[in-house]
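Asks: Could you look at this predicted model? Sequence included:
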Amino acid sequence: MKKLFLFLPLALFLSISILLYRGLFLDPNRLPSALIGMPFPHFTLPSLDSPSDILSSADVKGRPALVNVWATWCQSCRQEHLMLNKLADQGVVIYGVNYKDVRANAQHLLRTLRNPYRLNIEDASGTLGLDLGVYGAPETFFIDAQGIIREKYVGVIDERVWQEKLAPIYEMLLREVTQ
Amino acid sequence: MIPELGLFALILALCLAFVQASIPLVGAWRDDWRWMMLARPAAWGQFMFLVFSFTCLAHAFLTDDFTVAYVAQNSNSMLPWYYKFSAIWGAHEGSMLLWVLILAGWTFAVSLGARQLPETMLARVLSVMGIISTGFLLFLIGTSNPFTRILENIPADGHDLNPLLQDIGLIVHPPMLYMGYVGFSVAFAFAIAALLDGKLDAAWARWSRPWTTVAWSFLGIGIALGSWWAYAELGWGSWWFWDPVENASFMPWLVGAALIHSLAATEKRGVFKSWTVLLAIATFSLSLLGTFLVRSGVLTSVHAFATDPSRGVFVLVFMLTVVGGSLTLFALRATAVKSQASFGIWSRETLLLVNNLLLSVAAAMILLGTLYPLILDALTGAKLSVGPPYFNAMFVPLMALLMAASAVGMLTRWRDTPTRWLGRMLAPVLAVSLLVALTVATQHDRSNWAVAGVCLLATWIMLAGLRDIFDKTRHKGLFKGLPALSRSYWGMHLAHLGFAVCALGAVLTTVGSVEREQRMTPGTSIKLGAYNFAFNGVTQLQGPNYIGDRGSVRVMKDGHEVAMLHPEKRVYPVQQAIMTEAAIQGGFTRDLFVALGEPLADDAWAVRLQIKPFVRLIWLGATMMALGGLLAATDRRYRARKIEPTLNAGIIE
């Protein structure tokens, strides 16, 4: 009987192996199906630009938009920031979710690098992020005029990604409104 | 022609590895010395062919042979020659070739250096290493051949090496890391050979000790270089990210450290025999796991290398065979019976056990944190990442306990230590350490319990070490006694001192760093801490394979110029990549760190300024630990040509 616990390391290793095997075929960039076609989660959170104002899910409805989850501690977000500025200049509507961040840092960054966001939701405790299933920043959600999540992109949006993948989606959402 | 020869040499090496893996093992089982004798020449031949193959790839890189796909993807004619050479291990295929080359190198070294081993033991050790080599060569030739040619549309120039990897640290970082990873295969092979032999005595522990220590030292240097590279090259002044790839190299290092200590107890006192074998298996398994995590892309991280499920499946199957097989062997052969040797509460054995426990728990916590996103994803489909807060909350207290225990461990004796004597030795050490901590806590204007705590613990280790050295030389007197102390003893103290220094650096930097990101126009200046940073604008820059902007920042303190810093923002046209080259003025007490952010309107730039106190202590400490290990491994007793059968083994068996 006492020898049985010598098999413990083997059992532990085998269970880890099964997980690793499953992990090989999971795509980390795949959208969790649960969120497609669902309305953008309800929230009531302060605005980053003027913390006395309270934003809610009604504020992000009405027109197709990108909801970009970002933070100052996220290095890739900084890289993405310039691209977002460019998109904002082109008239793309972008809302920001400032995720688990320090208010002063975030405001400072927006002052130095310019602010591409129409609205910025301050999600200091990460509750909205939790509802959105955010597992890292940057993440960008595409919502239509009714506020339904239609697509999600994980990772940095750069020129190539935008041209090849995301611009068609955004244009499709715009067309839906005019039809 | 030459790349084909390289591939042919790889295939020949695989054949020899297969011979080395099978025939001597059967020979050891049948007790046929002629079969066993094959191990050595097979290992030598394999090493020779792999050196040849590696040279062929190096030739392809240095002569810009862009008909080879791997060269075309990772090099460029404009690249300086040293980066062309280091580009060999800049991506997946080449780094796997380096992996097997280093494994063959270790095997070669064991076959030469372990002449005092019994023939059956050596045959088994070399066979086990042959099995590992066979697996990796199959992997290399089957899924990641670096010599594949491009037959049509041969590119005129290469796609260039990833600019992130164009750094001096990255030339040395992977070879060092692999020396460590692969070096643990020696300890693993010894453990498996001992299990196959059925004799888990102190002898195998003595044989594998120097090899394990050397591998651990190399891994330590590799990790330190990686951390330095992240600090200087990723451009954000952070020295550790708890990134999955970093964790993958850190776990074997931690368990390897536990193994080194446990081997000491097994060799000297014959205790923890099964545990030590298990640690040896675990250390190498974690090295394999590290390879799997990095090579399969199963965890997304800033490193993101090859993402290819077929490669992942191969490494996983291989891991299942090697680790699963060895753990099964362990379960069948290891004895669950308690060691006969008894030891008291305040014995060195107990303290080594505490060390092992803390290090293994720390490694397990990191493993859990690294795999947790994967576990959750596999079970529920939810996605999340485990951030630095988890790792810091787990790791820091464990290391604090380890520091507290290690000072006691240095002073205790085998079997038992008189409590009174121990108290007499440690009481003054504790008193002085408390005094130092108290002084720091009150002196420092921004007093902080973490700073006081780490000062207490670091002083505790340093003074306990000194106390021990004085105690060891008290009979002969300090001047006569010091040279008589052995290298392994000095190595032990150097490594422990390094541990204290490293911890000191980590805490002081984390607590004391100040940073600011600021929009700066030429001519403006900013005060940060005691320093004044004046931005003088940027000039154009033309490098061998990049263009860019070079800023200049004058740093003043009390009206004197301290440094003129030139951070760069480079554009590598071939890969369309932008790189931030931070400018760092290093010093023992603080680093001044300036990085260029993004260009803004009106000649202004976003500039990131940082003052990082004592950050160099981290790498200094890590280097001291590695040097301590190397010093200990060159101790005279390991160099003896013939090792006497140990007395302990006889008594305990």
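Replies: It's in.
Asks: For the stretch 201-350 of chain B, which residue gets nearest to chain A?
Replies: At 4.0 Å from chain A, B:Leu327 is the closest residue in the stretch 201-350 of chain B, using Cβ to the nearest Cβ. (C-beta placed from N, C-alpha, C; glycine too.)
Asks: Would you tell me what helix or strand that residue is located in?
Replies: Element membership of B:Leu327 [criterion: DSSP states H and E] is helix B:325-333.
Asks: same check, this time on B:Ala606
Replies: Counting by DSSP H and E, B:Ala606 is part of strand B:605-613.
Asks: May I see the buried residues of that strand?
Replies: Within strand B:605-613, the residues scored as buried using 16 or more other Cβ atoms under 10 Å in any protein chain shown are B:Trp605, B:Ala606, B:Val607, B:Arg608, B:Leu609, B:Gln610, B:Ile611, B:Lys612, B:Pro613.
Asks: OK, contacts around the fifth one?
Replies: Remark: with contacts taken as Cβ atoms under 8 Å, 6 or more residues apart in numbering or on different chains, B:Leu609 is in contact with B:Glu515, B:Arg516, B:Glu517, B:Gln518, B:Ile526, B:Leu528, B:Phe533, B:Val553, B:Phe593, B:Val594.
Asks: How about the contacts made by the residue lying closest to the first one once chain neighbours are set aside?
Replies: The spatially closest residue to B:Glu515, leaving aside those adjacent along the chain, is B:Gln610, at 4.0 Å (Cβ to Cβ, 6 or more residues apart in numbering or on different chains). With contact set as Cβ under 8 Å, 6+ apart, B:Gln610 has these partners: B:Gly237, B:Ser513, B:Val514, B:Glu515, B:Arg516, B:Asp591, B:Leu592, B:Phe593, B:Val594.
Asks: Is the third one bridged to anything, and to what?
Replies: Same thing as B:Val514. B:Ile611 (DSSP bridges).
Asks: And it, how far from B:Ala595?
Replies: Look at B:Val514 and B:Ala595: by Cβ to Cβ, to the nearest Å, they are 15 Å apart.
Asks: low-scoring stretches of chain B, by residue?
Replies: For chain B, the stretches with pLDDT under 70 are B:235-236, B:296-309, B:336-340, B:377-386, B:444-447, B:576, B:639-653.
Asks: okay, now the domains of it?
Replies: With domains defined by automatic domain parsing, chain B comprises B:1-152+B:161-166, B:418-512+B:616-622, B:514-613.
Asks: for these, which one sits closest to B:Leu200?
Replies: Comparison of the domains of chain B against B:Leu200 by Cβ to Cβ identifies domain B:1-152+B:161-166 as nearest, at 12.7 Å.
Asks: Any residue of the closest one touching chain A?
Replies: No. Domain B:1-152+B:161-166 stays clear of chain A (Cβ under 8 Å from any Cβ of the partner chain), getting no nearer than 12.5 Å.
Asks: what's the span of that domain, first residue to last?
Replies: In domain B:1-152+B:161-166, first residue to last residue: 29 Å (Cα to Cα, to the nearest Å).
Asks: So which residues of chain A form helices?
Replies: According to DSSP state H, chain A carries its helices in the segments A:8-24, A:75-89, A:103-113, A:127-132, A:159-161, A:167-178.
Asks: Between B:Val514 and B:Ala595, point out the one with more neighbours.
Replies: Higher neighbour count among B:Val514 and B:Ala595: B:Ala595, with 25 against 13, using other Cβ atoms under 10 Å in any protein chain shown.
Asks: List phi and psi for the more buried one.
Replies: For B:Ala595, the backbone dihedrals (degrees, to the nearest 10) come out as phi -130, psi 140.
Asks: Also B:Lys557?
Replies: phi -140, psi 130.
Asks: ok, now the one 5 residues further on?
Replies: Torsion angles at B:Val562 (phi, psi; degrees, to the nearest 10) stand at phi -90, psi -40.
Asks: In contact with it, which residues?
Replies: B:Val562 touches B:Tyr531, B:Val555, B:Met556, B:Gln585, B:Leu592, counting by Cβ under 8 Å, 6+ apart.
Asks: Contact partners for the third one?
Replies: Translated: B:Met556. B:Tyr531, B:Asn532, B:Ala534, B:Val562.
Asks: which strand residues sit across from the third one in the sheet?
Replies: Yep, that's B:Ala534 we're talking about. Per DSSP bridges, the residues bridged to B:Ala534 are B:Ser525, B:Arg554.
Asks: dump the residue contacts of it.
Replies: Going by Cβ under 8 Å, 6+ apart, B:Ala534 touches B:Gly523, B:Thr524, B:Ser525, B:Val553, B:Arg554, B:Val555, B:Met556.
Asks: who's in contact with the third one?
Replies: B:Ser525 makes contacts with B:Asn532, B:Phe533, B:Ala534, B:Phe535, as judged by Cβ under 8 Å, 6+ apart.
Asks: Now do the same for the first one: helix, strand or coil?
Replies: Reducing the assignment at B:Asn532 to three states with DSSP: H, G, I helix; E, B strand; the rest coil gives strand.
Asks: For the closest residue to it other than its chain neighbours, give me the backbone phi and psi.
Replies: Leaving out its chain neighbours, the residue that sits closest to B:Asn532 by Cβ to Cβ, 6+ apart is B:Met556, at 4.4 Å. Backbone geometry at B:Met556, expressed as degrees, to the nearest 10, gives phi -120, psi 150.
Asks: so how far is B:Asp603 from B:Met556?
Replies: Distance check for B:Met556 against B:Asp603: by Cβ to Cβ, it reads 22 Å.
Asks: Same question for B:Arg467.
Replies: In terms of Cβ to Cβ, B:Arg467 sits 60 Å off from B:Asp603.
Asks: More neighbours: which of these two?
Replies: In terms of neighbours (other Cβ under 10 Å), B:Arg467 is the more surrounded of B:Arg467 and B:Asp603; the figures are 18 against 12.
Asks: so that one is in which element?
Replies: For B:Arg467, the element it lies in under DSSP H and E is helix B:449-472.
Asks: Is B:Gly551 in a helix, a strand, or coil?
Replies: The three-state assignment at B:Gly551 reads strand, by three-state DSSP.
Asks: so it touches B:Leu541, yeah?
Replies: No. Look at B:Gly551 against B:Leu541 with Cβ atoms under 8 Å: they stay out of range, at 9.7 Å.
Asks: any residues in contact with both of these two?
Replies: Shared contacts of B:Gly551 and B:Leu541 (Cβ under 8 Å, 6+ apart): B:Glu568.
Asks: And those two? Which one has more around it.
Replies: Here B:Gly551 and B:Leu541 are compared on neighbour count by other Cβ under 10 Å; more neighbours surround B:Gly551, at 23 against 17.
Asks: so who does that one touch?
Replies: B:535-538, B:566-569, B:583, B:594, B:596, B:605, B:607.
Asks: so who does the residue minimising distance to the centre of chain A touch?
Replies: The centre of chain A sits closest to A:Glu139, judged by Cα atoms, centre = their mean, with a distance of 2.7 Å. Remark: with contacts taken as Cβ under 8 Å, 6+ apart, A:Glu139 is in contact with A:Asn68, A:Val69, A:Leu132, A:Lys152, A:Tyr153, A:Val154, A:Gly155.
Asks: Good, wrapping up.
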